[in-house]
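Participant: Next one to model:
(one chain, ligands or ions: 1)
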Amino acid sequence: MARITGIKVIRTRATASWVIVKVLTDQPGLDGIGSAHDYNATGAVVAALEEWMAPRLIGRDPAMIEDIWQSTFTSGYWRTGPTHNAALAGIDIALWDIKGKEAGMPVYQLLGGPVRAAVPCYAHAVGDTLEALVDDVHRYLGDGWQYVRCQVGAYGGGGFVPATRPHAPDPALTPWGRDWPTWPSGRAFDDDTYIENTVAMFARLRDEVGYGPKLTHDVHEHLRPTSAVTLAKRLEPFRLFFLEDVLPPEQIAWYRQIRQQCATPQAIGELFTNVQEWLPLISERLIDFIRCRVSKVGGITPARKIAHVAEAFGVQTAWQEGGNTDPVNLTAAMHIDMTSHAFGIQEENWFSEAELEAFPGHPILAGGYLYPNARPGLGIDIDEAKAAALVDRERASRPRYLVEDRRPDGSVIRP
Ligand SMILES: [Mg+2]
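Facilitator: Numbering: from 1, shown residues only. Okay, the predicted model is just below:
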């Protein structure tokens, strides 16, 4: 029987925001890697791993994945949350990697075996203008992609008005003058502008590409609840594959109103960290796609349970990826995707050549499909020298924050 002898935490990427956990054992050559990524609170995840979770795992049997997950989950009394779950996911994914290596099988074989030949992914098409977006969508379709997320103006785009008069107050008349921390980008978010631009975007896109390609859109939670209901209704004729994050996690009860009023498929979940967030949405069939990030719910162990619950209620999975996650998180999601009848779609991720070289065995993304290999475990490893060389000390030392969007009156909007 193998024993855990140590846990090594490796920070990589230029920003050092990828946290790769290596679980070491007393068996020669037997170790595993997992993803404990957190783009903003990176150091907090590292501390949770090194100071809290790692010491109590020394000497344990790495084969006891479920027991280690359950006991680590409650080992600090308080549980869930983005930091805790990410650290736990790093360990959990690494233990699945070890179990696969011990069994001589890929993780997708341990999870029940493949039910598909490869994993369909959706691409991210963007443009600063509608014309530029149309060009980007055509480019992806030409490269063989069948599922495309469509955004004008990138993050939260499509709903901005100038943060100046007549939309915004005159700073000279406020007690704060120009010290009010508003609109660093010079733009302010307006619900109705967003709704009109987004409806026009899909009218144009369907004229261009017809109804064959599967199109999605991510609202990034910017809308007020009734605006969200309105947008979902007005997009119904354009038959989206899904509408993502039309509401923030704090307002998920409003999905009942959306469900009663239209059939636009709904996707949410990337900010969820607690079973009580996704369970009502799935069990009441209020959404069509649950799209948690595997490392933010605690790893493969809880994510496959979400997939099982989703399957029972006819909801599909669309595990979140996006720009700041790492190749190990994507690989963990891919193994579940390969085996799950609840699978709907996988979000793609893009990594540079140098980043991929630091992760030998990484899945191949080509023409809209993600392809696993047949190696035991996750099938992906980390080249620690190359991973160390990716880090840019200056960039790594900078704090990282999400873009701060505000309404015309200066109040901040979510997320
Ligand atoms: Mg999103």
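Participant: Quick check on His335: phi, psi?
Facilitator: Phi and psi for His335, reported as degrees, to the nearest 10, are phi -60, psi -40.
Participant: For it, give its distance to Gly314.
Facilitator: Counting by CB to CB, to the nearest Å, the gap from His335 to Gly314 is 23 Å. Any C-beta I mention is one placed from the backbone N, CA and C, and that applies to glycine too.
Participant: next one: Arg206
Facilitator: Arg206 sits 26 Å away from Gly314, going by CB to CB.
Participant: Between these two, tell me which one has more neighbours.
Facilitator: More crowded of Arg206 and Gly314, by other CB atoms under 10 Å: Arg206, with 16 against 10.
Participant: For the closest residue to that one other than its chain neighbours, give me the pLDDT.
Facilitator: Nearest residue to Arg206, sequence neighbours excluded (CB to CB, 6 or more residues apart in numbering): Phe238, at 5.3 Å. Predicted confidence (pLDDT) for Phe238: 98.
Participant: again, but for Trp180
Facilitator: Looking at Trp180, its pLDDT reads 69.
Participant: what does Trp254 give?
Facilitator: For Trp254, the predicted pLDDT is 97.
Participant: One more: Leu402?
Facilitator: For Leu402, the model assigns a pLDDT of 85.
Participant: what do you get for Ala168?
Facilitator: So, for Ala168, pLDDT stands at 88.
Participant: For Gln251, see how far away the closest residue to Ser227 other than its chain neighbours is.
Facilitator: Distances taken as CB to CB, 6+ apart put Asp191 closest to Ser227, at 4.1 Å, once the chain neighbours are dropped. Per CB to CB, Asp191 is found 14 Å from Gln251.
Participant: quick one: low-confidence parts of this protein?
Facilitator: Scanning the chain for pLDDT under 70 picks out the ranges 154-156, 178-184.
Participant: Show me the domain layout of it.
Facilitator: 4-104, 110-380 (automatic domain parsing).
Participant: who wins for proximity to Ala389 among those?
Facilitator: domain 110-380 (7.8 Å; CB to CB).
Participant: The stretch 1-150 of the chain: helices as residue ranges?
Facilitator: Secondary structure of the stretch 1-150 of the chain (DSSP state H, counting those that start in this stretch): helices at 42-47, 54-57, 65-73, 82-103, 107-110, 130-142.
Participant: Pick the most buried one from those helices.
Facilitator: helix 82-103 (a mean of 26; mean count of other CB atoms under 10 Å).
Participant: Next, the angle helix 65-73 makes with that helix.
Facilitator: Put simply, helix 82-103 runs at 160 degrees to helix 65-73, going by axes from the mean of the first three to the mean of the last three CA atoms, to 10 degrees.
Participant: ok, now how distant is Trp78 from His84?
Facilitator: Distance, Trp78 to His84, using CB to CB: 8 Å.
Participant: meant to ask about Asp326, not that
Facilitator: Asp326 sits 18 Å away from His84, going by CB to CB.
Participant: Same check on Gln109?
Facilitator: Between Gln109 and His84 the computed distance is 30 Å (CB to CB).
Participant: List the contacts of the residue most central in space within the chain.
Facilitator: The centroid of the chain falls nearest to Gln320 when counting by CA atoms, centre = their mean (2.7 Å). Residues in contact with Gln320 (CB atoms under 8 Å, 6 or more residues apart in numbering) are 269-270, 291-293, 296, 347.
Participant: One more pass at 7 Å, please.
Facilitator: Neighbouring residues of Gln320 by CB atoms under 7 Å, 6 or more residues apart in numbering: 269-270, 291-293, 347.
Participant: And Leu223, by the same measure?
Facilitator: Leu223 makes contacts with 191, 194, 231, 246, as judged by CB under 7 Å, 6+ apart.
Participant: returning to that earlier point: Asp191 and Gln251: which has the busier surroundings?
Facilitator: More crowded of Asp191 and Gln251, by other CB under 10 Å: Asp191, with 18 against 15.
Participant: Please enumerate the helices of the stretch 151-300 of the chain.
Facilitator: 191-209, 225-234, 255-261, 275-283, 294-297, 300-313.
Participant: so how far is Trp254 from the residue nearest to Arg206?
Facilitator: Phe238 is 21 Å from Trp254, where distance means CB to CB.
Participant: again with Gly299
Facilitator: Distance, Gly299 to Trp254, using CB to CB: 30 Å.
Participant: repeat for Gln316
Facilitator: Distance, Gln316 to Trp254, using CB to CB: 21 Å.
Participant: neighbour count winner among the two?
Facilitator: Gln316 (21 against 18).
Participant: ok, the closest residue in space to that one that isn't next to it in sequence - contacts?
Facilitator: Sequence neighbours aside, Gly344 is the residue nearest to Gln316 in space, at 2.9 Å (criterion: CB to CB, 6+ apart). Applying CB under 7 Å, 6+ apart to Gly344 gives the contacts 289, 316-318.
Participant: And Val391, by the same measure?
Facilitator: Applying CB under 7 Å, 6+ apart to Val391 gives the contacts 11-12, 14, 16.
Participant: now it: how far from Ala267?
Facilitator: From Val391 to Ala267 the distance is 34 Å (CB to CB).
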